Every structure is written in C-alpha cells, then in structure tokens.
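Engineer: Quick one, what's the 3D model for this:
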Amino acid sequence: MMIRTITPPRRRLSSHLILVHIAVLLVFASSVNMVSVHVSAEDAAADPSTTTASPASGNEHTEEKEGEEYHQSSAGKKDDEIPNSLNDKPEDNWGYYYDPKNEFCGEYDCYKILGFDYETFGRSPPDTKMITQSYRMLSRKFHPDKNRGKEGAEERFVKINKAHKVLTSRRRRAEYDYLRDNPDEYISRYGTNVLFHYAPKSDVTMVALMLLIAANLFAWFVQKNKWQTVADHVVKLALDGVGLREGGTDESIAIREKAMEILAKQKEEGKEDGGSKVAASTNASSATGTNANAAAKVKGGSPKKKGAKLTKKEQKEQEMEELRPIVVKLVKEEHADFGGGFHQPTWRDLLITKFAQWPIMFTKAMGWQVGYWFRRLRGLELSDDELEVLTRRAVGEVTWHALSDEDRAEATKQELWISKNLEDWREMQEVKKWGPGYQKKYNRWKKKQGSKLE
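Structural biologist: This is a model prediction of the structure:
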C-alpha cells in the first residue's frame, strides 16, 4: 500500500504587504532627519560662531553673509577701533607699477587693486574665477552709487574695472607679468612721459642774439683771413720780383712796376727838397753807421769804413723795406677783390645775409638748370650765357676770375666741360708762363708727338 505525503503550499507575500513595509521604512527615515535638523538648529542657536554656509548657496549668498558678519562684528565699535587698513584710502594699499601711458592700471598694481599680492602667491597665482569673485565684491563695495559724495569714488571704480579686464585676459595678463620685470621693454613698446629739460638761467632771447652776433663776426673774420692770405702772397711776390716763369702773377708784376715808379718819384722829390732834409738824413745815416760800428766791435768784427758801398743783398733788403709800405697800400686799394670769393669782407659776407640770400640764389640756379634742359630737349644750340656758365664750372671760380677778358672769351669757345679739352687747356696755361724759347721747344715737341700719334 502506497503512502502519499502531501507538502503544504508555500505562502507568497502579497503586494499589499510589501507596500506596507516600504511605507514604514520611509516614515522611520523622515523622523530621523527631522530629529537631526532639530538638533543642529538648537546647536546653532547655542553657538552662532559654528554656523557655516550651505554648499548649495551661491557666491552672492556667501558675500552677503560675510557682509552681515562684518557689520555685526563692527557694530558697537568706534571708528578708532576699526583697523587702519579699512579707514585709509584703498589706493594706499594698491602698490606701484611702471605704466606712464596708462596701458594697464596706471601707477597702481592690478593685482593689489583686486586684493592679491604678486610677490607672495608664488606658483599658485589666482585663477580667473578667484579674480572675478574679488572683482564682484569690490565693485559692489566701491560702486559710485553707494559712495556718493566721496572723493575719487568714480576713479576708484574705473581702476577696479580696468584691473579685472587686464587680469582676466590671458594675453594682457601675460604681457603685464612680463613687463613687470622688464621696464625697458615697456619703454620700447609704449614710450615714456619722462621729458628732461634744463631751466634757463639767462634770457633766451639775449642768448640767441649774442650767438647770432658771434656767428656773424666769425663769418666776417673768416672772409678777412681768406683775402689776407692771398694779399700777403701777392705782396711777397711783388717784393721778391718773381716773374711768371717762377710762379708770379700778373697782379704781383703790375703792382711791383707801379710801386717802383712811386718809389722813384719819392726819391726825386727828396733830392729836390735838399737842405734840412738832406742834413737830417745825413745825420741819421752817420748815427746809424756809428751804431753799426759799435755793434760790430761788440761782436768782435771790424767796423765798416765810412762811405763803404752796400752789398747787393743789403741793397735788396733796403729796397724791399722801402717798397713794402707802397706795395701793401696798392694791394689794399686796387685789389680788394681777387676773384673766386677772395675779397675783403662786406655786409654781404655776414651769416644772416647769406641765409637771407640762399633761397634767392637756389631759385635762380634751379631756374637756369630747368631752362638749360628745356633748350637741350628742343635741340637748340648753347647760348652765350650757357657757354660761360659751363666754362666757369669746368675751370673753377678762382681760375675764371684770374683770367683776362680775352682768355675768358677764348676759353668759352673750347668746350672745356669736356675732360680732354680741359686737360689740353690747362697744359697750355702752364706753357704760357714759360719764356719764348721754351714755348718754341714745346710747340715743336707737340708737333712731333702729334705726327707720331697720327
């Protein structure tokens, strides 16, 4: 007989029972939270210093809490009990930066304006978020609407905005940090406002006038020295009787001849006077002879005999001494202008006169040059004026003024502005100074050389 065991069926939890359990758990959890909140509120009321801001609160809520705490802590205190850094102007704590052109924050440090110190944060510089937070707090604190009537409120607010713009721009901030340690680079990029000048100790007008007078006097003496140099040379040539072959000039030869005529007339007039003048001259000569004899004895030489003739050298020296004043006078009277700019100084040689004449001379020269090229473009022949100007430029002003009228007329026909013609002409001018015999030899040599070349 088979025995059959019957197992009782398992009980299944109904959905209603599950919901009941979940509801009980939620009620229990809510009761625990209420208790913890109640306890924290009681602790906060007992000790306000332990109150902390909620993490979910924003930056504005934090700043308002800080402001309330500052007002609560400073309530009931006198002004002298508040720190000096809060009573003083904020500009006193803004540091210094070299920025004369106001490219950044002017004379103040952008970091210190926003409450940071470049020298202390080291490798942990403030990021853009920190800079923006500080800027918002300071902009609300120092806003002109909240600081009406206070001196410098608007300028202070502008500086805070400028510091925020500089430090939140990556490029401007990098440049700002670089120029802090390299002020020379700042000057090369933006320049400087530093201007050096010396305060005048004297009247500027008087100093300028004195300098102008000194410059004109200097120009006058320079021109005088130029003329005197040529005049002394001509006087020496005339006294030595140097001819053309030895380097003399037509002026020196003409002056010597005229001086000899004047000296001869003076001697004839002296002979006609006779009497007292002859006696005076005789006494003077005898006295001179006595002195000469005495000097000769002192030197150990033999005294000259009375009536002894002078040597050629002594006669020449005596003649030169008699001619010198006549020659110097003739040079001053007849050769005030040697040409080529070697003339005695006049008002035209003053510096102020030259400055006034320079624009006129420049305009004339440019006008002549333009006319010259215009005539060349038209294919016209050279005019007499153009021939003279071109020849003067080729030979030089000094040589041109030294030529006679006949030599000038001949020179203008030889096209001396061409180098080959100018060399031949200068060679012929040297040959003219030679004697007739040497000139004939040169002409014969020239013909032979020309035939060989042909």
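Engineer: Start from the N-terminal end of the stretch 151-300 of the chain and give the strands.
Structural biologist: Ranges of strands in the stretch 151-300 of the chain, per DSSP state E, counting those that start in this stretch: none exist.
Engineer: Would you state the helices of it in chain order?
Structural biologist: In the stretch 151-300 of the chain, the segments counted as helices under DSSP state H, counting those that start in this stretch are 153-168, 170-180, 183-190, 204-240, 250-273, 275-299.
Engineer: for those, which one ends up most surrounded?
Structural biologist: helix 153-168 (a mean of 18; mean count of other C-beta atoms under 10 Å). For every residue, glycine as well, the C-beta is placed using N, CA and C.
Engineer: report the angle between the axes of it and helix 170-180?
Structural biologist: Inter-element angle recorded for helix 153-168 and helix 170-180: 100 degrees (by axes from the mean of the first three to the mean of the last three C-alpha atoms, to 10 degrees).
Engineer: can you tell which of the helices of the stretch 151-300 of the chain is closest to Gly341?
Structural biologist: helix 204-240 (7.0 Å; C-beta to C-beta).
Engineer: what helices or strands is that closest one leaning on?
Structural biologist: helix 250-273, helix 312-334, helix 351-377 (3 or more C-beta pairs under 8 Å, 6 or more residues apart in numbering; DSSP states H and E).
Engineer: then the first one to CSV, C-alphas only?
Structural biologist: Extracted in CSV, the C-alpha atoms of helix 250-273 (Å, rounded to 0.1, in the frame of the first residue of the first chain):
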residue,chain,number,x,y,z
ASP,A,250,100.0,139.4,-63.4
GLU,A,251,98.8,141.2,-60.3
SER,A,252,102.2,140.9,-58.5
ILE,A,253,104.1,142.1,-61.5
ALA,A,254,101.9,145.0,-62.2
ILE,A,255,102.0,146.1,-58.5
ARG,A,256,105.8,145.9,-58.4
GLU,A,257,106.2,148.1,-61.5
LYS,A,258,103.8,150.7,-60.1
ALA,A,259,105.5,150.6,-56.7
MET,A,260,108.9,151.1,-58.3
GLU,A,261,107.6,154.2,-60.2
ILE,A,262,106.1,155.6,-57.0
LEU,A,263,109.4,155.0,-55.1
ALA,A,264,111.4,156.7,-57.9
LYS,A,265,109.2,159.8,-57.7
GLN,A,266,109.6,159.9,-54.0
LYS,A,267,113.4,159.9,-54.3
GLU,A,268,113.3,162.6,-56.9
GLU,A,269,111.1,164.8,-54.6
GLY,A,270,113.5,164.1,-51.8
LYS,A,271,116.5,165.3,-53.8
GLU,A,272,114.7,168.5,-54.8
ASP,A,273,113.9,169.3,-51.2
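Engineer: By mean pLDDT, show me the worst of the helices of the stretch 151-300 of the chain.
Structural biologist: Note on these: lowest mean pLDDT is at helix 275-299, with a mean of 49.
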